[in-house]
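**Q** Output the structure for:
(one chain, ligands or ions: 1)
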Amino acid sequence: MSHYFITGASSGIGQALALALSSDGHHVTAVARRLERLQKLQTDSPNINSFAGDVSNLSDMQNIIEECSRHSGPIDCAILNAGKYVPLGGADINSSEFYDHMMVNYMGVVHVLDCLIPAFKSTGSGHIAIMGSTAGYRGLPRSAAYGPTKAALANLAEALYLDLEPYGIKVQMISPGFVETEATAVNDFKMPQIISAHTAATKIIKGLNRNQFEICFPAGFVWVMKLLSVLPHALYTPIIKWITK
Ligand SMILES: NC(=O)c1ccc[n+]([C@@H]2O[C@H](COP(=O)([O-])OP(=O)(O)OC[C@H]3O[C@@H](n4cnc5c(N)ncnc54)[C@H](OP(=O)(O)O)[C@@H]3O)[C@@H](O)[C@H]2O)c1
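**A** Here you go, the predicted model:
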């Protein structure tokens with residue numbers, strides 16, 4: 001039985017992960033801002049202990065990590081999943097939205113790492129899984145605020161993998177395609193190969209138990225995105241324009 005720390009557990013993929021891992025008998029610390037949703041999650045599953053906090057606030061994360069470690073023991077695996085998605089194009093630059101995306105999606109991960117890595121290094125163990133996205137592979141239309149945060153996380157995860165492996169700390173990157181959640185409910189286009197949050201959680205848990213760096217799904221969609229990501233700009237931009245028109 002392990003202690004999983006999950007950010008963004010009040011809805012979508014994070015909530016599905018919290019429910020699946022707790023029903024497998026693990027201790028789950030569920031973190032997000034919406035207290036009522038977290039309280040419901042805790043009532044529904046005795047293995048879930050929930051804490052209201054904002055990942056963009058370092059001291060919230062410090063306090064929660066101290067408290068949950070006292071309650072459920074040292075954290076074995078942190079799934080850094082909290083995220084914000086507002087479709088925003090390059091023609092509508094709004095620096096406060098861009099700042100918020102970076103503070104939640106990128107600095108929200110860094111804040112938890114800041115609190116966790118010293119403890120993981122001292123025990124020579126620990127597992128970090130960072131929620132990226134296939135939207136981080138290359139620039140996409142109406143993804144100017146969101147996409148760069150996921151590209152930054154992909155770079156961060158690779159750097160962490162290299163730096164933390166010698167300490168016995170496992171680092172993985174999660175790159176989903178489209179998942180049906182509150183975040184994607186705002187999209188006004190047909191999302192190819194969209195899957196449920198429950199299916200996404202099942203695939204993530206399978207991936208966490210393996211040793212591959214990247215956990216990416218669904219396979220067909222990911223392979224198209226990976227193929228596009230290695231194309232030169234002269235090919236990539238007209239193909240993306242055509243696909244997304
Ligand atoms: N859905 C997709 O197609 C898809 C694809 C690729 C990657 N992802 C990534 O998957 C992750 C989960 O997204 P989702 O699709 O499950 O969307 P979601 O249902 O909107 O979940 C987002 C979660 O993040 C939490 N959150 C947002 N801002 C926060 C903050 N400042 N502090 C703490 N928690 C915060 C939200 O809780 P509160 O509002 O209660 O704080 C919520 O629990 C995100 O990182 C997203 O980028 C999603």
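**Q** Return the distance of the closest residue to S23 other than its chain neighbours relative to A91.
**A** Nearest residue to S23 in three dimensions, chain neighbours excluded: S45, at 6.9 Å (Cβ to Cβ, 6 or more residues apart in numbering). From N, CA and C alone the C-beta is placed, and that goes for glycine too. Using Cβ to Cβ, to the nearest Å, we find S45 at a distance of 44 Å from A91.
**Q** As a check, name the ranges of all strands in the chain.
**A** With strands called from DSSP state E, the chain shows them at 3-7, 27-32, 48-52, 77-80, 127-131, 170-176, 179-180, 195-196, 214-217.
**Q** Turn those into JSON lines, including distance to A151, mean neighbour count and mean pLDDT.
**A** Written out in JSON lines, the entries for the strands of the chain read as follows (distance: least, Cβ to Cβ, whole Å; neighbours: other Cβ atoms under 10 Å; pLDDT from 0 to 100):
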{"stretch": "strand 3-7", "distance to A151": "20", "mean neighbour count": "26", "mean pLDDT": "98"}
{"stretch": "strand 27-32", "distance to A151": "24", "mean neighbour count": "26", "mean pLDDT": "98"}
{"stretch": "strand 48-52", "distance to A151": "29", "mean neighbour count": "22", "mean pLDDT": "98"}
{"stretch": "strand 77-80", "distance to A151": "16", "mean neighbour count": "26", "mean pLDDT": "98"}
{"stretch": "strand 127-131", "distance to A151": "12", "mean neighbour count": "23", "mean pLDDT": "98"}
{"stretch": "strand 170-176", "distance to A151": "11", "mean neighbour count": "22", "mean pLDDT": "98"}
{"stretch": "strand 179-180", "distance to A151": "19", "mean neighbour count": "20", "mean pLDDT": "98"}
{"stretch": "strand 195-196", "distance to A151": "22", "mean neighbour count": "16", "mean pLDDT": "98"}
{"stretch": "strand 214-217", "distance to A151": "14", "mean neighbour count": "20", "mean pLDDT": "98"}
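**Q** now for those, which one comes closest to I240?
**A** Ranking the strands of the chain by proximity to I240 (Cβ to Cβ) places strand 170-176 first, at 17.5 Å.
**Q** what residues does this protein put near the ligand?
**A** Within the chain, the positions lying close to the ligand (Cβ under 6 Å from any ligand atom) are 7-14, 32-34, 54-56, 81-85, 104, 131, 133, 176, 178-179, 181-184.
**Q** For ChimeraX, write the selection for the buried entries among those.
**A** The command below creates a ChimeraX selection of those among the residues of the chain next to the ligand that count as buried (16 or more other Cβ atoms under 10 Å):
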select :7,8,9,10,11,12,13,14,32,33,54,55,56,81,82,83,84,85,104,131,133,176,178,179,181,183
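**Q** which sections of the protein are below the confidence cut-off?
**A** Counting by pLDDT under 70, not a single residue of the chain qualifies.
**Q** which residues in this structure form helices?
**A** Under the criterion DSSP state H, helices of the chain are mapped to 12-23, 35-44, 58-72, 95-101, 107-123, 147-164, 197-208, 219-229, 233-243.
**Q** Most tightly packed of those?
**A** helix 12-23 (a mean of 23; mean count of other Cβ atoms under 10 Å).
**Q** can you list contacts of stretch 167-174?
**A** Taking Cβ atoms under 8 Å, 6 or more residues apart in numbering as the criterion, the residues outside stretch 167-174 that touch it are 79, 81, 117, 120-121, 124-132, 153-154, 157-158, 160-161, 164-165, 204, 207-208, 211-216.
**Q** switch the cut-off to 6 Å
**A** 120-121, 124-132, 157, 160-161, 164, 204, 213-215 (Cβ atoms under 6 Å, 6 or more residues apart in numbering).
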